[in-house]
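J.: mind looking at a prediction? Sequence and model below.
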There are 2 protein chains.
Amino acid sequence: MESSHERSGWSERAAQALAAAGYRRGGARSAIVELLGEQSCALSAAEIEHELRGRSRKVSRASVYRVIEELEGAGLLARVEVGQGSVRFEPALEGPGHHHHLVCERCGRLQPFSDEGLERAIRRLSERMPARISEHEIVLRGACEACAPR
Amino acid sequence: MESSHERSGWSERAAQALAAAGYRRGGARSAIVELLGEQSCALSAAEIEHELRGRSRKVSRASVYRVIEELEGAGLLARVEVGQGSVRFEPALEGPGHHHHLVCERCGRLQPFSDEGLERAIRRLSERMPARISEHEIVLRGACEACAPR
DNA sequence: CAACCAAACGAGACTCAGTCTCATCAGTCG
DNA sequence: CGACTGATGAGACTGAGTCTCGTTTGGTTG
């Protein structure tokens, strides 16, 4: 779990990185970046569109997907495949922010976690595989603490 | 990769398990089970529908999804989320057949792998997490041997 | 400041996987 | 052999995501 000031740093970093990549400042883009920067966990594209309709500014679906694509391309946004066809996005944090997800099969909530043992196992495996591994994604499914306390 | 006689055993097991669960024998269901039993790796729903159109018997999309759901519910079929919104299915083999996937970002091919170190890390993590973990899924992304030989 | 150009944007048509409904078909059992 | 009930197919429908194209806006230049 990350502290919120680390998050707000993200939207600034993102804005800078996009500017450096030659993108102009545009209302839709900055509204999306700002919204993402405030989140504590992943949002779906539809949630981004819907949430923005209510506040700062209405943003079209096309823009939501365009900006997601730019951010993902710049390595600033991580795509999380949650299962059942739903895809979510969240700010990609540097090194220590790297984490994976537990999806509760009961309530559907997403819970981030990280584990050094797991990362080590993946690094070792990557060296042995006959391929160049660039990313990995791990999803655990089960019942979260609230749904099945022990 | 598993030997093929292990695979053909799967379609029999699946047929038995479905019969035991009270399902009647039906043409569409057995055609799908048979096709899945022959595969060496995961198929998408559309591929199942298309492949069957050409051979044994034409099967409607509704039946493909129905049968997938039944098999998944019986723990006979594993769902593999490959990314970019595409979902594939493959026969779930007992213990030793448990594996994960490497998705090539260049050619899109799926390559199964398994690793005891990784499984161990996940078991240990599951015990420490404040949740009941029932499944896990790991996807590695990168360039496969054919696309980026080293 | 005015004018211009390219990038950013919005609206909405379109695609495609997956779901749902309902009429028809076919095992199974009496 | 019927009849009952589950299995199936056809196709309408949904919702996420993509694409196109006309409009708006940021930034730059005269």
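T.: Cool, got the structure.

J.: please identify the helix or strand for the nearest residue to A:Ala15 once chain neighbours are set aside.
T.: If the residues on either side of it in the chain are set aside, A:Ala15 comes closest to A:Val33, at 5.9 Å by Cβ to Cβ, 6 or more residues apart in numbering or on different chains. No exception for glycine: its C-beta is placed from N, CA and C like everyone else's. A:Val33 belongs to helix A:27-38 when elements are defined using DSSP states H and E.

J.: centre of the chain to that helix, how far?
T.: Between the centre of helix A:27-38 and the centre of its chain there are 13 Å (Cα atoms, centre = their mean, to the nearest Å).

J.: and it, does that touch DNA strand D?
T.: Yes: contact of helix A:27-38 with DNA strand D is found when judged by Cβ under 7 Å from any atom of the strand, involving A:Gly27.

J.: which residues touch A:Ser44?
T.: Residues in contact with A:Ser44 (Cβ atoms under 8 Å, 6 or more residues apart in numbering or on different chains) are A:Ser86, A:Val87, A:Arg88, A:Phe89.

J.: what's the angle from the helix or strand hosting the last one to helix A:27-38?
T.: Of the helices and strands defined by DSSP H and E, A:Phe89 is found in strand A:86-91. Orientation check (axes from the mean of the first three to the mean of the last three Cα atoms, to 10 degrees): strand A:86-91 against helix A:27-38 gives 90 degrees.

J.: so which elements touch the helix or strand that strand A:86-91 is followed by?
T.: Sequence order places strand A:100-104 as the next helix or strand after strand A:86-91, per DSSP H and E. Here strand A:100-104 touches strand A:77-83, strand A:110-113, strand A:132-143, going by 3 or more Cβ pairs under 8 Å, 6 or more residues apart in numbering or on different chains; DSSP states H and E.

J.: what strands line up against strand A:100-104, and which way round?
T.: Strand A:100-104 pairs in its sheet with strand A:110-113 (antiparallel), strand A:132-143 (parallel), by DSSP bridges.

J.: what lies in contact with that strand?
T.: By Cβ under 8 Å, 6+ apart, strand A:100-104 touches A:42, A:80, A:82-83, A:109-115, A:118, A:137-144, A:146-147, B:129, B:131, B:133.

J.: whichever of those end up buried, select them in PyMOL.
T.: Restricted to buried positions by 16 or more other Cβ atoms under 10 Å in any protein chain shown, the PyMOL selection for the contacts of strand A:100-104 reads:
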select buried, (chain A and resi 42+80+82+83+110+111+112+113+115+118+137+138+139+140+141+142+143+144) or (chain B and resi 129+131+133)
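
J.: what sits against the nearest residue to A:His99 once chain neighbours are set aside?
T.: In space, and not counting its chain neighbours, A:His99 is closest to A:Ser114: 4.0 Å by Cβ to Cβ, 6+ apart. Listed by Cβ under 8 Å, 6+ apart, the contact set of A:Ser114 reads A:His98, A:His99, A:His100.

J.: quick one: low-confidence ranges for chain A?
T.: Counting by pLDDT under 70, the ranges of chain A that qualify are A:1-8, A:94-97, A:149-150.

J.: related to what we said a few turns ago, the residue nearest to A:Ala15 and A:Glu12 touch, don't they?
T.: No: using Cβ atoms under 8 Å, A:Val33 makes no contact with A:Glu12, being 9.1 Å away.
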